[in-house]
Structures are given as structure tokens and as C-alpha cells.
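Asker: have a look at this prediction, sequence included:
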Amino acid sequence: MECAEVTDVNDLMFAWIMGRNASAMNLATRFGDRIRKLPHDAIKDPRFFKNDRIIEAWSICRDDLSVLYLDREPAQVWESNRRIGQVREYPDGGMRGAKERAVLHIVKKRSELLSMVNARGIPRQVLSFPEEFSVDFIRSKLAKLGIVLADEDRAREVWSQTYVLPGKTIPIPSDVGFCPEVFVPRNRPKPRNPSQTHEDRF
């Protein structure tokens, strides 16, 4: 579900944020050409969740973004990651408090991301996991963003092959709770000039 071109550019931007404290405008100036050339109709990448400057940089470069945010209880995210070994095991009960810290971190990052999405005026819908994790709910949320599934029958076929077997349900991939956002371009790319002022970019 993740696209190598997207993950590469988002990894680079995150590295610039961590190593150089790069602003969203710095990121848009340096990586804007790559962002504007990406042709995908829909992308999914957990790196958007790492730092809100990444989605801000994207929104500086493109005005065709919509966000479908898959939301999951932070404590469930932590438990899911623990079960697959993505949570460090501490000796002598040293993990005490790790879950609480992780939950607070997830809540903080979720708030930062959605606040930035709202501040940039990016259309968004929130999908609750697992209650709304189905083709019908996704179709409904996309419709509210003005997006129609091009081939609903094919979408249902892929969904059933991915998540359901006769008589049983395949466990949902564990990363789905920790990678909660799907960014969907609404129209064809309309490149923006990173030299515009903050006010002009809306």
C-alpha cells in the first residue's frame, strides 16, 4: 500500500527536520519538484504522522490534497506494536510507564497532524478503526470528499482477498493502527510556488 517514491521523499524530509530543524518552507523549496511530479491518485504513508511539517510542506507544493485519516485508540496501537515486537522489552519491569508515554506521544502527534490539516484548509474525513474499517464506510467518507471509487466491484474483490476468507476474518495488518492516514489528491496536481507568503498559500 505504500509507494516507494512517497516514502523516500518523506524519509528525506523527516531527516532534514531532525538533523537541521528544517521548516516546512525549506522542505517545500528543496523537495517540491519531487512532490509535484508524483502522479498517484492515493497514497498511504505513516511518515506523515511523524511530524506535521511533512504534510505542511506537501500542502505548500500542492493544492489537490484530501485526507482520509484512519483513527485507532492509542492504547490499541501500542498493544498491537507490542505483540509484533515493535515495543522494546525492558528487564526488571522497566517497561512500567512505557505504554502511558507511548499513548501520550500518539495523542500528541495525532493532534499536531489534524491541527495542521485544519490550519492548511485541507479537506479531511476521519475513519474509526475497527468500527468503520470496511469498503462501505470508506466509500461514504470518500464521497464526502468529492471522490468516487472508480471500480467499486474491484475494490470489494481486493478487500475480500486481503482481509476475509470464507468463514473467518484475517487479522488486520498491525501497521494499520500506527499508519492511520491516507492522503488522496482530489484533482490533477496544481503546483504551488514555494516563494509565496503564508497568507497567499491558502
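Answerer: Arrived safely, thanks for sending.
Asker: distance of residue 131 relative to residue 113?
Answerer: Distance from residue 131 to residue 113, counting by Cβ to Cβ, to the nearest Å: 21 Å. All C-beta atoms are positioned from the backbone trio N, CA, C, and that covers glycine.
Asker: which one of those two has more residues nearby?
Answerer: residue 113 (23 against 8; other Cβ atoms under 10 Å).
Asker: and the more buried one, how far is that from residue 106?
Answerer: Applying Cβ to Cβ to residue 113 and residue 106 gives a distance of 11 Å.
Asker: same question for residue 7.
Answerer: 20 Å.
Asker: same check, this time on residue 81
Answerer: From residue 81 to residue 106 the distance is 10 Å (Cβ to Cβ).
Asker: cool, and residue 129?
Answerer: Distance, residue 129 to residue 106, by Cβ to Cβ: 13 Å.
Asker: can you pull out the strands in this protein?
Answerer: Per DSSP state E, the chain carries strands over the ranges 43-44, 65-71, 124-128, 164-165, 168-169, 181-185.
Asker: averaging pLDDT over each of those strands, which comes out lowest?
Answerer: Among the strands of the chain, strand 168-169 carries the lowest mean pLDDT, a mean of 40.
Asker: near the nearest residue to residue 99 once chain neighbours are set aside, how many residues? Count them for me, please.
Answerer: The spatial neighbour of residue 99 that comes closest, neighbours along the chain excluded (Cβ to Cβ, 6 or more residues apart in numbering), is residue 78 at 5.3 Å. Neighbour count for residue 78, taken as other Cβ under 10 Å: 22.
Asker: do residue 112 as well
Answerer: So residue 112, with other Cβ under 10 Å, has 16 neighbours.
Asker: that one and residue 136: what is the separation?
Answerer: Taking Cβ to Cβ, one finds residue 112 at 30 Å from residue 136.
Asker: least confident secondary structure element in the chain?
Answerer: Least confident helix or strand, the chain: strand 168-169 with a mean of 40, by mean pLDDT, DSSP states H and E.
Asker: what about the helices in the chain?
Answerer: 4-20, 24-37, 52-61, 74-83, 98-119, 135-144, 152-163 (DSSP state H).
Asker: please identify the most buried of these.
Answerer: Counting by mean count of other Cβ atoms under 10 Å, helix 52-61 has the highest mean neighbour count of the helices of the chain, with a mean of 24.
Asker: next one: residue 18 from residue 68, what distance?
Answerer: 27 Å.
Asker: same thing with residue 9?
Answerer: Residue 9 is 20 Å from residue 68, by Cβ to Cβ.
Asker: what about the residue nearest to residue 141 when sequence neighbours are not counted, how many residues nearby?
Answerer: Excluding the flanking residues, the one nearest residue 141 by Cβ to Cβ, 6+ apart is residue 125, at 4.1 Å. Residue neighbour count, defined by other Cβ under 10 Å, stands at 19 for residue 125.
Asker: residue 71 too?
Answerer: Count around residue 71 with other Cβ under 10 Å applied: 16.
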